[in-house]
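Engineer: Turn this into a model:
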Amino acid sequence: MTQQQTTGKVKKTKGKVKEAVGILSGDKKMEREGTAQRAEGAIEEGLGKARHEVGKVLTKLGKAISG
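Structural biologist: Numbering: from 1, shown residues only. Below is the predicted model:
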């Protein structure tokens, strides 16, 4: 797991908590902020996964080319 994936997961979790607190307290602003933070985390996590997969493909390609 890459650092970007980890950061994304943490951000996503914090967003879920913030969103839930906003819902429970009736604070619409906090709920929206949590929803946005959760979405940002999901995007960051996805980008980290994609970078990791590209790295694996490039490594395999390099090994295939060299020998």
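Engineer: what's the distance between Glu31 and Ile65?
Structural biologist: 51 Å (CB to CB, to the nearest Å). (Glycine included, C-beta is placed from N, CA and C.)
Engineer: Who has more neighbours out of these two?
Structural biologist: Counting neighbours by other CB atoms under 10 Å for Glu31 and for Ile65 shows that Glu31 has the greater number, 18 against 7.
Engineer: Enumerate every residue touching the closest residue to that one other than its chain neighbours.
Structural biologist: In this structure, Glu31 finds its nearest non-sequential neighbour in Gly22, 3.0 Å apart by CB to CB, 6 or more residues apart in numbering. By CB atoms under 8 Å, 6 or more residues apart in numbering, the contact list for Gly22 reads Lys28, Lys29, Met30, Glu31, Arg32, Glu33, Gly34.
Engineer: Give me the secondary structure label for Gly22.
Structural biologist: At Gly22 the chain is in helix, as set by DSSP: H, G, I helix; E, B strand; the rest coil.
Engineer: Which pLDDT value belongs to it?
Structural biologist: According to the prediction, Gly22 has pLDDT 98.
Engineer: repeat for the one 5 residues further on
Structural biologist: The pLDDT attached to Asp27 in the predicted structure is 98.
Engineer: ditto for the one 3 residues further on
Structural biologist: Per-residue confidence for Met30 comes out at a pLDDT of 98.
Engineer: That one contacts Val21, correct?
Structural biologist: Yes - using CB atoms under 8 Å, Met30 is in contact with Val21, at 6.2 Å.
Engineer: more crowded one of these two?
Structural biologist: Set Met30 next to Val21 and count neighbours by other CB under 10 Å: Met30 wins out with 17 against 13.
Engineer: Which residue, other than its chain neighbours, is closest to that one?
Structural biologist: Leaving aside its chain neighbours, Met30 sits nearest to Gly22 (3.4 Å; criterion: CB to CB, 6+ apart).
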